[in-house]
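Asker: With the sequence up front, the predicted model follows.
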Amino acid sequence: MKTYLHPLYKTIAVIMLLLSAFLAGCHDNAVDDSLVFSNDDLLLKAAGDTAVIDVTAGSRWSAESMADWCTIEKGQGVNEGKLIICVAPSDDIYERGTAVKVTCGDNIVRLSVRQNGMVFKVEEDKKNLDFNPKPSTEVLKIRTNMAWKVEIADKSGWLQVSDTIGTGNADLVFSSSDNSQAYERTSVIRIHYGIRSVKLTATQEGGIRLDGHIKAHLSNRPLDKALNLIFLGDGFIAEDLITETGAFEQAVEEACKALFEIEPYKTYKDYFNVYSIASESKQREIPSVAPTTSPATTPFYTYFTEMSTFQTVLSYSKPKIEAYCSKILGMTTDILERNTVVVLLVNDERYGGQTYFLPSGLTISLIPLNRDTQLPGGFTNLFLHEVGGHAIGHLADEWSEPDRLFTAEAQTYLNGRQKDLYSQTAQPARTGFYGNVVSHRLAYPSFLWTRFYSYAFKGHSDYISRLEICHGGLGYTSDQSVKPQLNICHAAEKNCMIDHLPYFNDVCRYLIAYRINVIAGETEDSYSNLWTDSKFPVLFFEKDKPTTPPDLPVSADRPHLPEPIWWSNE
């Protein structure tokens with residue numbers, strides 16, 4: 001029997017056959033969107049880094065970064081290929097992250113990309129590199145995970161560095177060339193890392209010290225717990241200010257050596273700070289008349305007087321002296337006036353010397369670079385007398401002129417200077433003066449030196465036996481022709497306060513030591529402490545080292561130096 005198919009069924013059958021064929025064709029040509037990576041979680045270096053990733057894909061793939069600091073160097077391929085990801089140097093101390101989107105067909109995979117935070121540290125947080133005038137080196141240690149580059153601003157070549165570029169930790173060796181005949185020089189140093197940099201300053205001392213340059217020759221104590229010696233100079237031109245070999249610095253060292261070689265200064269050296277401050281003059285010549293205009297040819301207005309000594313115009317020089325001294329770190333007006341002696345070295349070989357006592361407490365001594373080979377001259381001898389005796393010790397001159405007799409007016413003057421030494425309500429170290437000379441109508445040691453006999457030297461027979469009656473002081477000699485006698489005496493025939501011998505007698509050492517101990521804060525400043533045998537004298541005898549005065553010739557051609565000036569124009 002013959003089967004009959006309706007035409008509609010035939011049409012449906014044909015359509016079904018065609019659809020089956022089409023679907024079968026689609027299955028054969030479907031896209032493979034699989035993605036496999038050799039690393040899908042990246043942690044890259046802070047200095048900038050590159051990662052190469054092997055990609056295995058079912059078909060064509062492409063990559064895209066989600067951050068501008070992360071770039072794709074090679075970001076597409078078919079099937080197997082390389083994906084190259086680059087990160088710029090980090091600009092943050094913290095870790096940062098982003099993603100790289102990789103697409104294959106309908107498959108999207110996000111690869112994690114992280115970058116370490118940057119680390120950059122200069123050890124000891126150095127901001128400055130300091131070089132002495134001679135060729136020298138300084139090591140700068142940097143600790144970092146970054147690439148770095150060193151840039152020296154000064155291109156003249158005096159400053160060099162061992163490495164200019166690198167990555168990671170480094171010990172950078174900076175070296176300087178010789179600068180012993182020139183002024184101080186500086187250069188900025190920048191160390192670049194990533195988009196950041198650090199700035200340092202390299203400074204090399206010049207052979208020639210700049211005006212205002214401070215050098216600490218001794219730095220033992222805080223300024224307010226020391227006796228501070230500050231050296232300035234007049235008449236020193238640039239070549240005199242060369243470090244170490246110049247006339248100014250050599251004079252400072254020479255003076256300090258002389259001071260700390262004799263007692264009591266040798267024993268109390270650790271109680272001192274010593275500074276020098278360079279001050280450049282237009283010329284070496286010191287005028288023979290007082291400068292009347294400001295500014296003068298030298299910073300501190302020194303001149304050589306008709307009295308054959310050196311003085312300064314304090315109304316001009318005092319503010320400048322204070323300004324220079326204030327450059328010392330920690331210096332205050334109170335410390336300058338209570339703990340400090342200013343030594344103004346005069347670059348002149350003429351004989352002279354002068355000390356000024358100001359009402360505020362500021363003390364200034366002018367010392368020329370005199371080169372006499374016999375006492376009373378010679379630079380260090382003048383220095384010991386003016387600074388070691390007058391300025392620090394508050395001691396009086398002990399010399400006398402035979403025909404200049406001590407008068408009642410002179411005795412009144414002496415009593416006025418000494419009154420705070422013997423007042424039970426005063427501060428003897430601060431405002432007492434001239435305790436090394438005494439006046440009494442009876443010329444017996446027990447009367448003249450009663451406080452030393454009965455208190456300070458009590459129980460020390462060797463010291464008491466050395467208390468002599470030597471007539472003279474303040475330029476006067478005793479007048480024993482009047483009734484009552486007008487005696488002015490000192491305690492020993494040989495002493496720095498007579499002819500500048502490098503030696504201080506027992507009385508002078510005692511008074512100097514007391515001043516040093518008070519200023520350095522080691523003992524209280526009071527009448528009872530100075531003159532009671534159970535207080536300061538105990539400290540004194542624990543440390544005192546008596547010596548024998550040297551036997552040195554004294555020239556009769558030089559006059560005695562004038563008494564200190566008590567300047568009151570403030």
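Answerer: Received the coordinates, thanks.

Asker: rest of the way, CA atoms for contacts and neighbours
Answerer: Fine.

Asker: domain ranges for the chain?
Answerer: By the assignment in automatic domain parsing, the chain contains the domains 35-115, 120-204, 208-395, 399-494+506-548.

Asker: In JSON lines: these, plus distance to H560, mean pLDDT and mean neighbour count.
Answerer: Formatted as JSON lines, these follow (distance: least, Cα to Cα, whole Å; pLDDT from 0 to 100; neighbours: other Cα atoms under 10 Å):
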{"stretch": "domain 35-115", "distance to H560": "73", "mean pLDDT": "93", "mean neighbour count": "18"}
{"stretch": "domain 120-204", "distance to H560": "40", "mean pLDDT": "94", "mean neighbour count": "16"}
{"stretch": "domain 208-395", "distance to H560": "8", "mean pLDDT": "95", "mean neighbour count": "20"}
{"stretch": "domain 399-494+506-548", "distance to H560": "8", "mean pLDDT": "93", "mean neighbour count": "19"}
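
Asker: For V554, which of these is the nearest?
Answerer: domain 208-395 (4.6 Å; Cα to Cα).

Asker: just how off-centre is that closest one within its chain?
Answerer: The chain centroid and the centroid of domain 208-395 are separated by 19 Å under Cα atoms, centre = their mean, to the nearest Å.

Asker: Check the separation of the first and last residues in that domain.
Answerer: Domain 208-395 stretches 37 Å from its first residue to its last (Cα to Cα, to the nearest Å).

Asker: ok so, going back, any chance of the domains of the chain in CSV, plus distance to P562?
Answerer: As requested, those are exported to CSV (distance: least, Cα to Cα, whole Å):
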stretch, distance to P562
domain 35-115, 70
domain 120-204, 39
domain 208-395, 7
domain 399-494+506-548, 9
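
Asker: Name all residues that make contact with E398.
Answerer: Neighbour list for E398: 437, 472-475, 489-490, 497-498 [criterion: Cα atoms under 8 Å, 6 or more residues apart in numbering].

Asker: all helices for the protein, in order.
Answerer: 7-28, 247-259, 314-325, 333-338, 379-383, 408-418, 428-431, 445-448, 450-451, 461-465, 496-499, 506-519, 527-531, 536-543 (DSSP state H).

Asker: Contacts for the fifth one, please.
Answerer: This points to helix 379-383. Contacts of helix 379-383 (Cα under 8 Å, 6+ apart): 254-255, 258, 352-353, 367-372, 375-376, 500-502.

Asker: In contact with the closest residue to K127 other than its chain neighbours, which residues?
Answerer: Spatially, and ignoring its direct neighbours in sequence, K127 is nearest to L200 (4.8 Å; Cα to Cα, 6 or more residues apart in numbering). If you count contacts by Cα under 8 Å, 6+ apart, L200 has them with 126-129, 188-190.

Asker: Inside strands: which ones of the contacts of helix 379-383?
Answerer: Among the contacts of helix 379-383, DSSP state E puts 367-368 in strands.

Asker: quick one: which of the contacts of helix 379-383 is nearest to K225?
Answerer: Using Cα to Cα, the contacts of helix 379-383 come closest to K225 at A255, 22.1 Å.

Asker: gap between the residue lying closest to the closest one once chain neighbours are set aside and G168?
Answerer: Using Cα to Cα, 6+ apart and skipping residues adjacent in sequence, the residue nearest A255 is T380, 5.7 Å away. To G168, T380 is 57 Å away according to Cα to Cα.

Asker: Ok, I519 next?
Answerer: 53 Å.

Asker: do K45 as well
Answerer: On the measure of Cα to Cα, K45 and G168 end up 11 Å apart.

Asker: any residues in contact with both of the two?
Answerer: Contact criterion Cα under 8 Å, 6+ apart; residues shared by K45 and G168: N145.

Asker: how close does D211 get to Y324?
Answerer: 9 Å.

Asker: go on, D234?
Answerer: Relative to Y324, and taking Cα to Cα, D234 is found at 13 Å.

Asker: Now do the contacts for the closest residue to F452 other than its chain neighbours.
Answerer: The shortest distance from F452 to any non-neighbouring residue, by Cα to Cα, 6+ apart, is to K458 (7.1 Å). For K458, the contacting residues are 452, 464, 533, by Cα under 8 Å, 6+ apart.

Asker: Surely L561 touches Y351?
Answerer: No: the criterion here is Cα atoms under 8 Å, and L561 misses it with Y351 at 9.1 Å.

Asker: what's the overlap in contacts for the two?
Answerer: Common neighbours of L561 and Y351, counting by Cα under 8 Å, 6+ apart, are T309.

Asker: Mind pulling up the pLDDT for N569?
Answerer: In this model, N569 is scored at 69, pLDDT.

Asker: ok, now H27?
Answerer: 46.

Asker: and if you look at the one 3 residues further on?
Answerer: pLDDT recorded at A30 is 69.

Asker: For stretch 178-197, measure first residue to last.
Answerer: End residues of stretch 178-197 are separated by 29 Å (Cα to Cα).

Asker: Show me what that stretch is in contact with.
Answerer: Contact with stretch 178-197 is made by 47, 89-91, 120, 133-135, 146-154, 158, 198-210, 242-243, as judged by Cα under 8 Å, 6+ apart.

Asker: Can you flag which of these belong to strands?
Answerer: Judged by DSSP E, strands contain the following of the contacts of stretch 178-197: 120, 147-152, 198-204.

Asker: Among these, list the two that are farthest apart in space.
Answerer: Most distant of those, by Cα to Cα, are A147 and Q204, 28.3 Å apart.

Asker: Can you show me the strands along the stretch 101-250 of the chain?
Answerer: For the stretch 101-250 of the chain, applying DSSP state E, counting those that start in this stretch gives strands covering 107-115, 120-122, 128-131, 136-144, 147-152, 159-161, 165-167, 170-176, 185-193, 196-204, 214-219, 227-234.

Asker: can you list these in a markdown table and add distance to S294?
Answerer: Listed next are those as a markdown table, based on distance: least, Cα to Cα, whole Å:
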| stretch | distance to S294 |
| --- | --- |
| strand 107-115 | 66 |
| strand 120-122 | 48 |
| strand 128-131 | 36 |
| strand 136-144 | 41 |
| strand 147-152 | 42 |
| strand 159-161 | 40 |
| strand 165-167 | 54 |
| strand 170-176 | 40 |
| strand 185-193 | 30 |
| strand 196-204 | 33 |
| strand 214-219 | 24 |
| strand 227-234 | 15 |
